[in-house]
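build the 3D model from these lines:
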Amino acid sequence: MKLSSMAKAAPKSTDNIPDVHSVEAREPARSEIASDVEKFLDGGGEIEEVPRNFRADPPRRPENNYGRGSI
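Just a heads-up that it's a prediction; the model follows:
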């Protein structure tokens, strides 16, 4: 296949493809999340802020298992 034949290919039309990443397309999800959070808080729920550096599973030293397996 020649490179020049690939370059001459017609661009695909994106007129009929919905833009799911636009601000307008994400607005229904945002409003649903906002209403769910509002219901949660009105029902007595609390939001707890977790520190950025919090790790549920702190790092461990690597184990040296070399030569421990059976032959």
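
C-alpha only now, for contacts and for neighbours.
Noted.

low-confidence regions, this structure specifically.
For the chain, the stretches flagged by pLDDT under 70 are 1-15.

tell me the centre residue of this structure?
H21 (12.8 Å; CA atoms, centre = their mean).

work out for me the element it sits within.
H21 belongs to no helix or strand when elements are defined using DSSP states H and E.

again with R52
Using DSSP H and E, R52 falls outside every helix and strand.

could you give the separation of the helix ranked longest in the chain from the chain centroid?
When the chain is parsed with DSSP state H, its longest helix is helix 23-42. Distance of helix 23-42 from its chain centroid, counting by CA atoms, centre = their mean, to the nearest Å, is 17 Å.

repeat that for stretch 31-46.
22 Å.

contacts for it next, please.
By CA atoms under 8 Å, 6 or more residues apart in numbering, the list of residues contacting stretch 31-46 from outside is empty.

list the buried residues in it.
Going by neighbour count (16 or more other CA atoms under 10 Å), nothing in stretch 31-46 comes out as buried.

in this protein, which residue sits furthest out from the middle?
I71 (43.5 Å).

what about that residue, distance to N64?
Using CA to CA, to the nearest Å, we find I71 at a distance of 17 Å from N64.

same question, N53
Taking CA to CA, one finds N53 at 28 Å from N64.

and R26, by the same measure?
Distance, R26 to N64, using CA to CA: 48 Å.

more crowded one of those two?
Counted by other CA atoms under 10 Å, R26 and N64 do not tie: R26 has more neighbours, with 12 against 7.

need the nearest residue in space to the more buried one, chain neighbours excluded.
Spatial nearest neighbour of R26, chain neighbours left out: V20 (7.1 Å); criterion: CA to CA, 6 or more residues apart in numbering.

ok, now A25?
D19 (6.9 Å).

right, and the residue nearest to R26 touches P28 too?
No. Taking contacts as CA atoms under 8 Å, V20 lies outside contact range of P28: 11.4 Å.

for A56, see how far away the residue nearest to A25 is.
Applying CA to CA to D19 and A56 gives a distance of 37 Å.

so for these two, which sits in the more crowded spot?
Taking neighbours as other CA under 10 Å, D19 and A56 compare with D19 leading, 12 against 6.
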